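> Sequence and computational prediction follow.
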Amino acid sequence: MGNKIQQQFVTLDGQWGTRQVHYRRTGTGPLLLMLHQSPQSSRELIPLMELWSEYFTIVAPDSPGYGLSDPLGVDEAELSDFATAAIEFMDAIGAGRFGIYGFHTGGMIGVAIAHGYPDRVTSFACNGIAVPTDQELEEILSVYMPRFEPRWDGGHLAWAWAKNREQTIFFPWHNHTLDGRMDFPMPSPEHQQISIREFLRAGYHYHVAYRAAFAFHAERVVPELKVSGLITSATWDPIQPHLARLTHEPGCVCITESDTLEESLERCLEQVRTHTGDGLPATPATTPVPGRLWNQRVETDGGSVLVKRGGQDSAVPVVVLHGAGGSSATVASIAAGLAETRSVLAIDLPGHGETECDPDPDGITMATCAALALEVLDKLNLPVVDLVGVEGGAFVALEMADRHPDRVGRLTLLHPPELNAEQADAWRESGLPSFEPDWFGGHLLHCWHMVRDSRLYFPWFQRDQKGIHWQEPELDNRRLQQEVTEYLKAEGAWQELLRDQLAYPLLEKLAVSRDKIALCASPRSPWYGVTESLATRTELPFSVLHDTPRKWGAILAATLSP
């Protein structure tokens, strides 16, 4: 494997049922488990994984409910639950004994693992530990982590950005006093945007591990530890003073301050190199989760692609393709409906969702998206598929059929976004806003209202009487937030793909594959009239979709291969 960082999902059955854990793996040598802070993911550990991979085989899971790992399905949990969940993960990947490094919440989960499962842990290093007093804990539990719930006005995003800023100014973030002020500069908007994306990935579950960590009572647990360990914290860390609240009589745990982050990391590395773990078998294949869509990583020449899969075995699988700014998550309800009768895949296209690919020299276009999707099918040994393209994903489907007609059985195009020259020019001028982060978070509200206005006006930027979309508005706040999150993850990429879409020769491509094509549209979509008109002019089969996307499966399946 060398020192390349790979990403994988493992499916396990445990105390919280069947769930998937997303993790990163790199290096060779004895096994080290790395654990991230909340509400981040293993992504934050990439630099350290690269540095330490010469010493260890490193696995870094996303904790349950964070990053891309399934949550435990509970609103509150103990840190011992996260320790058990980590052991379930290590069992699932074939791990024996191992060392642990963790930062903040991750370090405290490491302490909980060492406490609850000492026979599995050779050594641990905890970099930052919270030991609140009873009064501090009461305040933190009441104020620090309010539940995240989208608001119609986008106010939840303004709050999330402001909270993220405050966490770099005060500790706790709600303690707006001189005593609470921290002595380091506010990170750049770009750095804060990374944190916001991780927060939004955790979303409705962000508070669970947070709460568990603060309520851990490390002062009771640490004296009982029987595993060699280090607990440290750098001077800049606002919880470094909490080290003085810990004692450990037996002497197998060293509790010490560090002057700098670099010093704390050096001490942690020395600790886990002194008592090393076992090796680790080869990465196990990802297995399905019965009854629902499940995630799989596919390694391509360009990088790691996320694919959602599910459904019944069928002679010809169905691939669902999203458009610019979307992802497999935004078309998951359509894929789930098809999965009731067909084998289904939904692919995150380049620069979108959770696909992480090297930049293509030709940019992000319909052609490069089609090429990546075809490579994924090659890796999965799927020679022939049917395609369902949703909005701009319809153009990716057409490109795949044009390039490799032998690989495509049928194409169903759902709301293909046909525009005339004048309309395309209007989109180029007004429909490609940048959501580059600014200091004050206004870009988040810009994105929220763009997505929300797309339900109220057509096009979304024509906010006059002529642009009113006269259908019952689909304004479910959680659905809107999901789309906002995907746009923010695809910043830069979605605009590039949409620019290519605006110049795409739709009628020409339809003519090439017309014998395979069917068109579908929902009357509630602003693209309904466009699709109906396109079907009339091209004399292509046209089906009307009613109810919710989850119920479209039977109609869509009827347009595909038997």
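Alright, I've got the coordinates. Numbering: from 1, shown residues only.
> report the longest strand in the chain, please.
In the chain, assigned by DSSP state E, the strand with the most residues is strand 17-27.
> and that strand, which residues are buried?
T18, R19, Q20, V21, H22, Y23, R24, R25, T26, G27 (16 or more other C-beta atoms under 10 Å). (Glycine included, C-beta is placed from N, CA and C.)
> so where do the strands sit in the stretch 451-562 of the chain?
517-521, 542-544 (DSSP state E, counting those that start in this stretch).
> Look up how far V544 lies from S522.
Relative to V544, S522 is positioned 8 Å away (C-beta to C-beta, to the nearest Å).
> More neighbours: these two, which one.
When S522 and V544 are compared for neighbours, S522 comes out ahead with 20 against 12, by other C-beta atoms under 10 Å.
> how about the more buried one, phi and psi?
phi -100, psi 140 (degrees, to the nearest 10).
> Quick one, grab the pLDDT at the closest residue to it other than its chain neighbours.
By the measure of C-beta to C-beta, 6 or more residues apart in numbering, the closest residue to S522 outside its immediate chain neighbours is L545, 4.3 Å from it. In this prediction, L545 carries a pLDDT score of 95.
> wait, isn't L545 in contact with L519?
No - when contacts are counted by C-beta atoms under 8 Å, L545 is not listed as touching L519 (10.6 Å).
> Which one of those two is surrounded by more residues?
More crowded of L545 and L519, by other C-beta under 10 Å: L519, with 23 against 20.
> so what's the more buried one up against?
T412, L413, L414, P416, T531, L534, A535, L540, P541, F542, S543 (C-beta atoms under 8 Å, 6 or more residues apart in numbering).
> Quick one: buried ones out of those?
Among the contacts of L519, those classed as buried by neighbour count (16+ other C-beta under 10 Å) are T412, L413, L414, P416, T531, L534, A535, L540, F542, S543.
> Which one of those is nearest to I239?
Using C-beta to C-beta, L414 is the member of these that sits closest to I239, with 50.4 Å.
> State the pLDDT value of the closest one.
98.
> Quick check: it vs A521, distance?
For L414, the distance to A521 - C-beta to C-beta - is 7 Å.
> Over to V388?
For V388 relative to A521 (C-beta to C-beta), the value is 13 Å.
> anything in contact with each of the two?
With C-beta under 8 Å, 6+ apart, V388 and A521 have common neighbours L414.
> Could you check which of those two has the larger neighbour count?
V388 (31 against 22).
> Tell me if the more buried one really is in a helix.
No - with DSSP: H, G, I helix; E, B strand; the rest coil as the criterion, V388 is strand rather than part of a helix.
> can you pull the pLDDT of M1?
The model reports M1 with a pLDDT of 43.
> Could you give the separation of the helix or strand of the chain with the lowest mean pLDDT from the chain centroid?
Sorting the helices and strands of the chain by mean pLDDT, DSSP states H and E puts strand 356-357 at the bottom, at a mean of 91. Chain-centre distance of strand 356-357: 13 Å, with C-alpha atoms, centre = their mean, to the nearest Å.
> Listing partners with orientation, what would you give for it?
Strand pairing for strand 356-357, using DSSP bridges, gives strand 303-311 (antiparallel).
> What separation do you get for A493 and L349?
Per C-beta to C-beta, A493 is found 8 Å from L349.
> Which one of the two is surrounded by more residues?
Here A493 and L349 are compared on neighbour count by other C-beta under 10 Å; more neighbours surround L349, at 30 against 22.
> how far away is the more buried one from E496?
For L349, the distance to E496 - C-beta to C-beta - is 11 Å.
> Can you pull the residues that touch both of those two?
Overlap of the contact sets of L349 and E496 (by C-beta under 8 Å, 6+ apart) consists of I364.
> In terms of pLDDT, where does Q312 sit?
pLDDT for Q312: 83.
> With the one 4 residues further on instead?
Reported pLDDT at V316 in the predicted model: 95.
> tell me the contacts of the closest residue to it other than its chain neighbours?
Spatial nearest neighbour of V316, excluding adjacent residues (C-beta to C-beta, 6+ apart): S561 at 4.4 Å. Taking C-beta under 8 Å, 6+ apart, we find S561 in contact with A315, V316, D386, G409, R410.
> check contacts around the fourth one.
Going back to what we said before, that points to G409. So G409 contacts V316, V384, V385, D386, K516, L560, S561 (C-beta under 8 Å, 6+ apart).
> try 7 Å this time
V316, V384, V385, D386, S561 (C-beta atoms under 7 Å, 6 or more residues apart in numbering).
> Please check those and keep the buried ones.
V316, V385, D386, S561.
> quick one on the thing from earlier: so which of the contacts of L519 are in helices?
Judged by DSSP state H, helices contain the following of the contacts of L519: T531, L534, A535.
> Look up how far H415 lies from the first one.
T531 sits 6 Å away from H415, taking C-beta to C-beta as the criterion.
> Repeat that for H443.
Taking C-beta to C-beta, one finds H443 at 27 Å from H415.
> rewinding a little: any chance of CSV for the strands of the stretch 451-562 of the chain, columns distance to T485?
Formatted as CSV, the strands of the stretch 451-562 of the chain follow (distance: least, C-beta to C-beta, whole Å):
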stretch, distance to T485
strand 517-521, 26
strand 542-544, 30
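> what about those strands, which gets the closest to L456?
strand 517-521 (18.6 Å).
> out of the strands of the stretch 451-562 of the chain, which comes closest to G128?
The nearest among the strands of the stretch 451-562 of the chain, by C-beta to C-beta, is strand 517-521 at 52.5 Å.
> Pull up the pairing partners for that closest one, direction included.
Applying DSSP bridges, one finds strand 517-521 paired with strand 408-414 (parallel), strand 542-544 (parallel).
> Name the member of the contacts of S561 with the shortest distance to W173.
Nearest member of the contacts of S561 to W173, counting by C-beta to C-beta, is D386, at 49.8 Å.
> The closest one against L413, yeah?
No - with contact defined as C-beta atoms under 7 Å, D386 does not reach L413; the gap is 11.9 Å.
> can you pull out the helices in the stretch 101-250 of the chain?
Along the stretch 101-250 of the chain, counting by DSSP state H, counting those that start in this stretch, helices occupy 105-116, 134-143, 155-166, 189-202, 206-214, 218-221.
> among those, which is the most enclosed?
Ranked by mean neighbour count under mean count of other C-beta atoms under 10 Å, those are led by helix 105-116, which reaches a mean of 27.
> list the helices and strands it packs on?
For helix 105-116, the packing partners by 3 or more C-beta pairs under 7 Å, 6 or more residues apart in numbering; DSSP states H and E come out as strand 31-35, helix 79-92, strand 98-103, strand 121-127, helix 206-214, helix 218-221.
> between it and strand 98-103, how big is the angle?
140 degrees (axes from the mean of the first three to the mean of the last three C-alpha atoms, to 10 degrees).
> ok so, going back, would JSON lines of the buried ones among the contacts of L519 with distance to D360 be doable?
Formatted as JSON lines, the buried ones among the contacts of L519 follow (distance: C-beta to C-beta, whole Å):
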{"residue": "T412", "distance to D360": "27"}
{"residue": "L413", "distance to D360": "24"}
{"residue": "L414", "distance to D360": "26"}
{"residue": "P416", "distance to D360": "24"}
{"residue": "T531", "distance to D360": "30"}
{"residue": "L534", "distance to D360": "29"}
{"residue": "A535", "distance to D360": "33"}
{"residue": "L540", "distance to D360": "31"}
{"residue": "F542", "distance to D360": "34"}
{"residue": "S543", "distance to D360": "34"}
